[in-house]
Every structure is written in structure tokens, then in C-alpha cells.
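J.: coords please:
(chains A and B)
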2 protein chains.
Amino acid sequence: MKNKAGQLNKPSPAPGGAMAEVGVALLGFGTVGGGVADLLNRNGDLIAARAGVRPVLRRVADQNLQASPEIAIDRSLFVRDAAEAVADPSVSLVVELIGGTGAARECVLDALRRGKPVITANKALLAHHGAELFAESRRCGVPIYFEASVGGGIPVLRALREGLIADRVSSVLGIVNGTCNYILTRMEEQHCEYDEALAAARAKGYAERDPSLDVDGWDTAHKAVVLAALALGAWIPLDRVSRRGIAGLDARDIELAAARGLRIKLLALIRNGPSGLEVGVEPCLVPAQGLLGPVRGVFNAVLVRASPVGDTLYYGRGAGREATASAVAGDIAEAAARLVSGGGRPAGLPCDGAAPALTGAGDVEAQQYLRVSFPDDRAGERTEAAWAVLGRHGLHPLEAHAQTHAGDGGSSLVLRTRTAPARSADAAAAALAGLPGAEPRPVRLRIEEV
Amino acid sequence: MKNKAGQLNKPSPAPGGAMAEVGVALLGFGTVGGGVADLLNRNGDLIAARAGVRPVLRRVADQNLQASPEIAIDRSLFVRDAAEAVADPSVSLVVELIGGTGAARECVLDALRRGKPVITANKALLAHHGAELFAESRRCGVPIYFEASVGGGIPVLRALREGLIADRVSSVLGIVNGTCNYILTRMEEQHCEYDEALAAARAKGYAERDPSLDVDGWDTAHKAVVLAALALGAWIPLDRVSRRGIAGLDARDIELAAARGLRIKLLALIRNGPSGLEVGVEPCLVPAQGLLGPVRGVFNAVLVRASPVGDTLYYGRGAGREATASAVAGDIAEAAARLVSGGGRPAGLPCDGAAPALTGAGDVEAQQYLRVSFPDDRAGERTEAAWAVLGRHGLHPLEAHAQTHAGDGGSSLVLRTRTAPARSADAAAAALAGLPGAEPRPVRLRIEEV
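T.: Predicted coordinates for the structure are as follows:
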């Protein structure tokens, strides 16, 4: 077997001197697909040495095939029809990078029924059809690998699936959308408004022309479903995931948070807490010096609280060609090794148990941040009235702070409360708008002390 | 199968309704052994549901058997002789928690030769005998699992072994000794000297009466060997690991570092850099706001730089009964699942390749921090002379800063240099002691911008 000079990992000697090969079909040859092909080329010997088996590309399917010239790939592998690639007898593993929930679902089901393990990076597919796909996976006895679907190159699903297999997970809090985290970081660092930060994200290629999938929290919700499947052992229907995005967040709240040592982060939240079981997406105030606060730009981090292990945190690049290709190739190597060794399905995969009941978003309890602004500089004079509003809604204030704005002559009143249901805090926020002279739309944000 | 109410993970239905059981022997029933037995009791159904197999304790061997009353364990499982437990035909997996490198080594070899996979948390054993044990593991076709040997409950070895299997690792930097990190954190937070912080660590049970294993960097060196085995695919002989501990670190340097936004951390360092391949242990100055600087107290973190994935960080409790038991039980579950499914050896295990040549500690290049102190307040007047000393040793200063001490009327000169070999910096430090009126023993510390 070839082994490039300077490579530290020698291939393991295989019986008879030949290493087993496993045929791989790549469905979808976009950014990530190209990255995977490139990685299998570049690090093929390394992967073979470590996995004891060599994954080999046999088919590459894309309706709009364009091999970039820098990726050395045999053009005879190209087909237009994904189904043809799945059916090809030289193919034993199917890598689904088509995206979306239509053709991708068909291809995955087809592969499973043909006994071909599937690797996918498609969180939308899993969030919409995870229960169906994993039921079929179990029925067929053929695994689905999906490390790249959450946290890009961070092996956090593997940690949940295997590393913490003996642990009971009480919560998972994740910054899992790099676009949103970039926008929030930019707003804080550049002291700019949401629209300006979004434009910067677009200019950098971090945000789509229609950014809704990211900024309205859909992508984070998809990932919350996947994280919940591993943490809870059941697929939560996507429409039961509470969801609040970052679109239109006010720079004023980012500044006021920063002055309190807090940062706003869009979190995927899975928590089995005193107010019940929660799966949701929400912008939260977290300590700037805590575990999630320092995560800046497009980086991701997932904090897992489990017993007996305690807190563990996983950090890295959450998206992009390289990081995603790393995760996909890791899954390919594991799948190939298991296929050759007859090693059955990997441990810790989501089972098809009934989804547990969730607490309604309004009933989830947390410390709350409330902010109401005024066009004049007399926010301080409304403190007592605001305090009374909180009392009427059963909220216990921990802090009330009036602050004059630097530029516009106005002022803001910031209130921080003890743990209370979101519904009560939202109602109190609405009532604060009725204070004399108050600007419309007071803000309510959840505080997470992590 | 039993399934406790309120448990979210339902056991998977097994063929014929019965779940396979795998017999486990626990060698050593100290703190961690008790934690593992307790965890298998408490979360046994959860582990069985996720792994598809039930690990069951069949033998517990300890020369000084004392079951704590709170652990429900059948006393008929107890034996005094570890070899008897390994040989017992009801035992299929052996968990080595004896510690040390004598009896533990014998038991591991014995188990492998009997075809029984081994789980160990013993970093000293791996650092001293890893090459021998893994050669035997390969010869017998029987795996060794060792997640708990580095980073306690953090599944960082699994990440290196499987998650980053397709990646080329360029460096691993780890805070992997909680005792040292506690002492360093304490020195900074309490503004106290090393001896006082060590006494506090002893009082909390974090440090042994003879703290040398921790504070002289031996434990970190053991873990560096294990991390290097996974990152480089070869066992580096322990005596080739450069090692410098934290014993006797001067509180003055912690204060001076803090004033520059830096913290001192004891790092395990594996790096394939411009100055060659390095495996070592050294207290380093790292940015307080970077990836490793914020890791405080007994927590651990490992930063892995690899291509294509980029930086990933793994954080959590690095020691203690609970965290270690989590990692051991995770390995037991994986080993049991592989045993039942006939799944061969796990991917990414250290191969027995020849150890690569290492750069000598003196040739490793880094930015350097130098500090020389004076009993008078005239450090500033020696700046030019110090500058000249650096120049004579081929060092390029980035910063020179004189500072009067708060208490003793003395002063210090802090110099920060461009990347330079440790040998040159050590020589320059020695020469700085020759400056007129200088106190003996100037300090040289490495700076790592992570």
C-alpha cells in the first residue's frame, strides 16, 4: 500500500497484504461534496491506516455536475441520477449531501432498504423525517451517521452518542448557527444595528440572500431536534420546538447587556428542568466570561450537562467546507470500518421511542431581562411604576437600572427578575409599554447563567 | 426488561425479548471502582437501552476489599486476587483500576491473551508500557479502551480517535492536570505564593501528601504520551518527553502575566511545527481571554489543531470519581457492544509504528517571557543592558517593561521576545542574572498565543 513520505501514521498490515476497500457514493457535489472528495483524496492513506479499511469513491451524483479543477477526481464516476448511484452494485455506503427534504429522503430510504449505510449532513431532513428514517434504519438493521448535521467539524454528536452513553443528560445548550453568532458578535464589536451586521455577514458569504433559515432560528431548531434525539432518545416533532430568532434584535440591548457583563447568544436549548422538559431556540443573555459567552464569530459551542460527568463543552468551527468535510469523512471511516468488520449498528443511536411531552414555551422558567425605553431622559422616574408592573405579574425584580442614552436624549429602564415563566415576563413587558411616555415594544430576553 | 419510570430512553427490543449480557470484572475497588459499580447500578437500564447490550459486574477484585454501604453490590462477587477475576469464565471484559505499572500490566496482558478486551484509566501504565500493551493488543486482536486516562469525563480521546480520524493533527495543547490548574488559579485569585496554594489544594483533597506526580509534571507527561499516541500514531518513550512542572513558580510572575492579559497554565504540548516535532510538558503564558486561559480550578481542556477541521476544544472535569466513572462506563458500553456484535477493534487506535524523532526541548521555538528582579527600584535603568543581553543571545525583544514592586521596594524588568529557541532564551535568562544588582534566578517562561 502507498504511504506518502512524512506521514506519521503507517497503514496497518492487512491479512494477505491487501486492505479492504469500501465503495462510496457521493450524492450532491456542491461545496461540502467537493470538500469530502478532496479530503478522501488527500488523507486517504491516513484514513485507511487508522480505520483499517479504505473508503473509495465509486459514484458522484449531481444534476449540475462541475468538478473543480483542483479536485483530482475521475470523471467517469459522475452520474446525474442519485438513484442510479445508490443502486450501483460497486457502492456500499451512501453519502447524502443533496440537502432539502424531498429527493434526499427518497435516496436515504432507498439506500437503507438496499442495506447500504447512510452518512448525511442534512439537519433539515433529520428534523423533519428523523423518526421515519431511524425507524426504517432499525427495521433494515442499517445505520445512519449524521455527525456533520450539528456543530460542523466538532464531534459533539459522537460525544453524546458514545462518550456520554452512561450519563443521564439534563441539558444541552448550544451555539450552533455560525451566521447568527457572527451577526451578534459583529453588532457588539462594531456597535452597529442588526441590518448592518446582516449585510456584513452577507458580504462575507456567511448569510444567504434570504437569511430566514438562519436568523429566524429554523436552522438552530433543526439542530435542536437532532441534539434532543441523542439526549432524550426520541424525535421531537419540529412543530413542537419553540422558536425565536435574532432578526431585528436591537443594538441597544446588546450594549445594555455588555454593560452588565452579559452577551446575547442564540441558543438551542434542551433541558429537563424544574419546569419540565423543554426543546427550543431563543436568544439568551449569557455571562460574557462564562462558558458560552466567549464564543465569537462563526464558531459554535455546545455545553452538555449530564450526570455523573458534570459539564462538558465542545467548541470549534460549526460550518464551512473544511469542517463539514472532516465530520462527513469521519463518519465514512466509521461506517466503512463497521461494514467490513460486520460490526452492527453503532451504540447510542436515537431510538424510536414516543416523543415525551414538552413544557409550553410560556411555561419555561428562567431569569428574565426586561427593557423599556423613553424618548426623554427620565426613565429613572418610572422605576417605581415599573416595579409595580412586575409585582402585578408575579415577578420579583433583582435589579432595576435607569440609563440615559448616549446619542438621542432618551433613556432606558432595565429590569432583571428572579426565575419566572416566560409568559408572565412577556405579559409584564407588554404592560411596561403602558407606562407614561414609554416607547412601544419593550424587550424581554431570557437570562442563562452558563 | 426493566425500565424505570421517568427514564426517557426506552430499551431497544432485542430478538427473542432478551438482551445480551456481558460479564465485567472490576480490578481495584477504590474511589473510581466504587463510582463505576455505582454507575452501572444506577444507569444500567439507560446503558443497556443505548448500547443494545447489558454490562453486568461478575467479579470485583481488591486486596483490601471495602464495599461502601451506599453501593448496592453483591458481596459474593468480591475476590482478593485480580488474576482470579481475569480468569473467571463468566468475565468477558476486564476493567483495570489497580493503578501503577506492575500488577496492572500483568493483568492487562493476561486479559488480552485470554481474548478479553481491557478498559483502563491508567495513564502511567500506558505512558510506560503503551507500546508493549498495544503490540500485544494487536497480536491478540483484542482492544484496549482508555478514554478515562486523559481528561477524566471529557470524551477527548474518542474525538481524536474517531471524530478526527480523517484529520491530520498539527498540535494538541492540553490543561490535563486539575491539581496544577487549581494551584495556578488559586495563586492568581488569592494573590498567594505557591506553597500556600499547594496547602489549599491538599486541604481540598486535590493534592497528595507527596505532590510530585502532579506538580513536577509527571502526570501531565503521562497524558502527553497518550495524546501523542493518538495524534501521531506512535508511542513516544516517556523519557523523551521534555518536562517542566509548576513547583516553586513565583507569584510575582503570575501577577506580571495577569497585568499583560496572560495566565500561566501547565500544558501538555504535542506539536508538529516549524521547529520539528515536540512532545512535552511546560508551564506557559496563555492569553487570559483565549481558549485555554479561562479554564479555571480543577477543570481540564484540550485544544486540538487539525486539518481540515481547524481548532476544536474539549472542556470538562478532568478527574474525580464521577467524571472518571462516566468515561470508564462509556468504554465498557462500547466494548460490550463491539463484543456482542463481533465488531472487531475500534478505529483509530494507536498503531505500533516506530516513534518519530523529536526536537530537543532546547530547540523548540516559541515567544519567550523573561523576568529579572532587583532589590532596589531601579529596574528601568537596566533596560538598555538587558536589551543588549538579549541581542547577544540572538533574541529580538517585543517589549521591555520595568515595574516597581508594591511591597518590598524592589523592582522587576519584564522582557518579551519574538519566537526563539528555548535554549537561547534560557541562556539569556542566565546572563540577566549578571546584570548589576540583579537577584539570582531570573525566570524564563514560554508564551503560547492560544
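
J.: mind listing what's buried in the helix or strand harbouring A:I264?
T.: A:I264 belongs to strand A:262-273 when assigned by DSSP states H and E. Neighbour counts over strand A:262-273 (16 or more other C-beta atoms under 10 Å in any protein chain shown) mark A:L262, A:R263, A:I264, A:K265, A:L266, A:L267, A:A268, A:L269, A:I270, A:R271, A:N272 as buried. Heads up, the C-betas are built off the backbone N, CA and C, glycines and all.

J.: A:V295 belongs to a helix?
T.: No: if the criterion is DSSP: H, G, I helix; E, B strand; the rest coil, then A:V295 is coil and not within a helix.

J.: tally up the residues packed near it, please.
T.: 25 (other C-beta atoms under 10 Å in any protein chain shown).

J.: roughly how far does it sit from chain B?
T.: The spacing between A:V295 and chain B, counted by C-beta to the nearest C-beta, to the nearest Å, is 10 Å.

J.: can you give me phi and psi for that residue?
T.: With angles defined as degrees, to the nearest 10, A:V295 sits at phi -80, psi 110.

J.: contact partners for it?
T.: By C-beta atoms under 8 Å, 6 or more residues apart in numbering or on different chains, A:V295 lies in contact with A:I175, A:N181, A:K265, A:A301, A:Y315.

J.: same check, this time on A:L339
T.: So A:L339 contacts A:V22, A:V53, A:S92, A:L93, A:P117 (C-beta under 8 Å, 6+ apart).

J.: repeat for A:S275
T.: Listed by C-beta under 8 Å, 6+ apart, the contact partners of A:S275 are A:T359, A:D363, A:V364, A:E365, A:P421.

J.: relative to A:V86, which of the buried residues of strand A:262-273 is nearest.
T.: A:A268 (31.2 Å; C-beta to C-beta).

J.: is A:G245 in a helix, a strand, or coil?
T.: A:G245 - assigned by three-state DSSP - is coil.

J.: just checking, it touches A:L266?
T.: Yes: look at A:G245 against A:L266 with C-beta atoms under 8 Å: they come within range, at 7.1 Å.

J.: common neighbours of those two, please.
T.: Joint contacts of A:G245 and A:L266 (C-beta under 8 Å, 6+ apart) are A:C180, A:G217, A:V281, A:P283.

J.: sorry, back to before: where's the dip in pLDDT among the contacts of A:L339?
T.: Lowest in pLDDT among these is A:V53, which has 94.

J.: quick check on it: phi, psi?
T.: Taking degrees, to the nearest 10 as the convention, A:V53 sits at phi -160, psi 150.

J.: hmm, A:V22 and it touching each other?
T.: Yes: under the criterion of C-beta under 8 Å, A:V53 makes contact with A:V22 at 5.8 Å.

J.: between the two, what contacts are shared?
T.: A:A336, A:L339, A:V340.

J.: just send these back as CSV, with secondary structure, pLDDT and distance to B:V156 too.
T.: Putting those into CSV (DSSP: H, G, I helix; E, B strand; the rest coil; pLDDT from 0 to 100; distance: C-beta to C-beta, whole Å) gives the following:
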residue, secondary structure, pLDDT, distance to B:V156
A:A336, helix, 95, 23
A:L339, helix, 91, 26
A:V340, helix, 89, 26
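
J.: chain B: which of those residues is nearest?
T.: Nearest to chain B among the shared contacts of A:V53 and A:V22, counting by C-beta to the nearest C-beta, is A:V340 at 7.9 Å.

J.: the closest one contacts A:R54, correct?
T.: No: with contact defined as C-beta under 8 Å, A:V340 does not count as touching A:R54 (9.7 Å).

J.: compare the two (neighbour count), which wins?
T.: Set A:V340 next to A:R54 and count neighbours by other C-beta under 10 Å: A:R54 wins out with 22 against 18.

J.: excluding its backbone neighbours, what's nearest the more buried one?
T.: A:A48 (4.0 Å; C-beta to C-beta, 6 or more residues apart in numbering or on different chains).

J.: wait, is the one you found part of a strand?
T.: No: counting by three-state DSSP, A:A48 is not part of a strand but helix.

J.: show me where the stretch 151-300 of chain A has strands.
T.: Counting by DSSP state E, counting those that start in this stretch, the stretch 151-300 of chain A has strands at residues A:168-175, A:242-243, A:262-273, A:276-287, A:299-307.

J.: mind listing what's buried in the fourth one?
T.: Within strand A:276-287, the residues that count as buried by 16+ other C-beta under 10 Å are A:L277, A:E278, A:V279, A:G280, A:V281, A:E282, A:P283, A:C284, A:L285, A:V286, A:P287.

J.: again with stretch A:367-387
T.: In stretch A:367-387, counting by 16+ other C-beta under 10 Å, buried: A:Q367, A:Q368, A:Y369, A:L370, A:R371, A:V372, A:S373, A:F374, A:A379, A:R382, A:A386.

J.: list the contacts for the residue nearest to A:P211 when sequence neighbours are not counted?
T.: Leaving aside its chain neighbours, A:P211 sits nearest to A:L198 (6.2 Å; criterion: C-beta to C-beta, 6+ apart). If you count contacts by C-beta under 8 Å, 6+ apart, A:L198 has them with A:I183, A:A207, A:P211, A:V215.

J.: go through those residues and say which is closest to A:C192.
T.: A:I183 (9.8 Å).

J.: how close does the closest one sit to A:A203?
T.: 12 Å (C-beta to C-beta, to the nearest Å).

J.: out of those two, which sits in the busier spot?
T.: Shown here are A:I183 and A:A203; by other C-beta under 10 Å, A:I183 has more neighbours (30 against 9).

J.: residues near the closest residue to the more buried one other than its chain neighbours, how many?
T.: Counting by C-beta to C-beta, 6+ apart, the nearest residue to A:I183 once its immediate chain neighbours are dropped is A:A197, at 4.4 Å. Using other C-beta under 10 Å, A:A197 has 24 neighbouring residues.

J.: quick check: A:A197 touching A:E189?
T.: No: counting by C-beta under 8 Å, A:A197 does not reach A:E189; the two are 9.3 Å apart.

J.: the nearest residue to A:A323 once chain neighbours are set aside: how many residues sit nearby?
T.: Spatial nearest neighbour of A:A323, excluding adjacent residues (C-beta to C-beta, 6+ apart): A:G153 at 3.2 Å. Counted with other C-beta under 10 Å, residues neighbouring A:G153 total 32.

J.: right, and A:G153 touches B:S307 too?
T.: No: in this structure A:G153 lies outside contact range of B:S307 using C-beta under 8 Å: 10.6 Å.

J.: who touches both of those two?
T.: By C-beta under 8 Å, 6+ apart, the residues touching both A:G153 and B:S307 are A:E322.

J.: ok, now how distant is A:A166 from A:S90?
T.: The value you get for A:A166 to A:S90, if C-beta to C-beta is used, is 39 Å.

J.: where do the helices sit along the stretch 351-450 of chain A?
T.: With DSSP state H, counting those that start in this stretch, the ranges of helices along the stretch 351-450 of chain A come out as A:383-392, A:422-432.

J.: mean pLDDT for the ones you listed - can I get that in JSON lines?
T.: Output for the helices of the stretch 351-450 of chain A, formatted as JSON lines (pLDDT from 0 to 100):
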{"stretch": "helix A:383-392", "mean pLDDT": "95"}
{"stretch": "helix A:422-432", "mean pLDDT": "97"}
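
J.: nice, that's everything, thank you.
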